[in-house]
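# Prediction below, plus the sequence it came from.
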Amino acid sequence: MNATALIDHFLDAAWAEQGLSQNTLSAYGSDLRIFAGWLNGKSLLDIDSGDVSNFLASRYKEGIGSRSSARILSSLRRFYAYCIRENNIAIDPTALIESPHIGRLLPISLSEKDVELLLDAPEVTHSLGFRDKTMLEMLYATGLRVSELVNLKFEQISFRQGVVRITGKGNKERLVPVGEEAMSWLEGYMSQARKIILGERQCDYLFVTNRAAGMTRQAFWHIIKRHAKKACINKELSPHTLRHAFATHLLNHGADLRVVQLLLGHSDLSTTQIYTHIARERLKELHAKYHPRG
């Protein structure tokens, strides 16, 4: 079986058995295809740990950092675990490879003041600005992933209960409160701005573009950056910036870590715990600023 077929079979199995997102599957596929190309004709099923080590070393020389190297190794581990299970190979060539050491990177968050500036940036007198404002309010109020937000449909919203039903990673479902402020903007968007944007056209997605189509993650990311620039927020934002702010601000105001875990849809509490580090850093800043002996 050639490399392309092997990789495709692995990705199909990963999707069917683990419910992995399309983004994760694309990352696995990309890593494996790069590795297969580096092997220069040698079969993926005919390698040893030396090949894996040399490949990672070559990527390092090309400027790939430890975090990216760890992700690539993770892709290879999953692939070869699948090959072992399918009896394609007898020995896992990644078994003896140590993962690169990765320092703990704290996600970039925004202060509550910065969030207010960002939320106030869209021009709500225009239908598209009203849409942008509503999407930003929804992100900050719920902590949704950007992909979850842009894929929202009507049936996922309960206006009576004030919650949104989300199917996240691994097809896990969670109910997330929206909050009065965001719900008010959402109701206004649906009754006014959305109808203006669509005209006589139809679209299943909640948040729509001038083309009567659903918003893409990339398009909305550009929208966030444009409004951040307008608000003079001089930080390297990421598509998850408001999600990070949502979690950090909840913890800063005393929310229980496990509640934040449920709201974010994290399967592992350790993933959520990184936000406690951000909250502690904020407490240190406040202590240093306001305590007479800080």
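That came through fine.

# Show me the shaky parts of the stretch 51-200 of the chain.
Scanning the stretch 51-200 of the chain for pLDDT under 70 picks out the ranges 100-108.

# Report all helices and strands that the helix or strand hosting residue 10 contacts.
Residue 10 belongs to helix 3-18 when assigned by DSSP states H and E. Helices and strands touching helix 3-18, by 3 or more CB pairs under 8 Å, 6 or more residues apart in numbering; DSSP states H and E, are helix 22-38, helix 66-85. (Each C-beta comes from the backbone N, C-alpha and C, glycine too.)

# Mean neighbour count, the ones you listed: which tops it?
Across the helices and strands packed on helix 3-18, averaging neighbours per residue (mean count of other CB atoms under 10 Å) puts helix 66-85 on top, at a mean of 17.

# who's in contact with that helix?
6-7, 10, 13-14, 27-28, 31-32, 34-35, 44-45, 52, 56, 59-60, 64, 89-90, 92-94, 97, 99-102, 105 (CB atoms under 8 Å, 6 or more residues apart in numbering).

# Just the buried ones out of those residues, please.
Among those, those scoring as buried are 6-7, 10, 14, 27-28, 31-32, 35, 44, 52, 56, 59, 92-94, 97, 100 (criterion: 16 or more other CB atoms under 10 Å).

# so which of the helices and strands packed on helix 3-18 comes closest to residue 169?
For the helices and strands packed on helix 3-18, proximity to residue 169 was assessed by CB to CB; helix 22-38 is nearest, at 8.0 Å.

# sorry, back to before: how far off centre is the helix holding residue 10?
Mean-position distance between helix 3-18 and its chain equals 22 Å (CA atoms, centre = their mean, to the nearest Å).

# Run the angle between that helix and helix 22-38 for me.
Interaxial angle, helix 3-18 versus helix 22-38 (axes from the mean of the first three to the mean of the last three CA atoms, to 10 degrees): 150 degrees.

# Which parts of the stretch 51-200 of the chain are helices?
For the stretch 51-200 of the chain, the helices defined by DSSP state H, counting those that start in this stretch cover 66-85, 112-119, 127-142, 146-150, 180-188, 194-198.

# And the contacts of the last one?
When contacts are taken as CB under 8 Å, 6+ apart, the neighbours of helix 194-198 outside the stretch itself are 127-128, 131, 206, 208-210, 212.

# in that helix, what's buried?
Buried-residue list, helix 194-198, by 16+ other CB under 10 Å: 194, 197.
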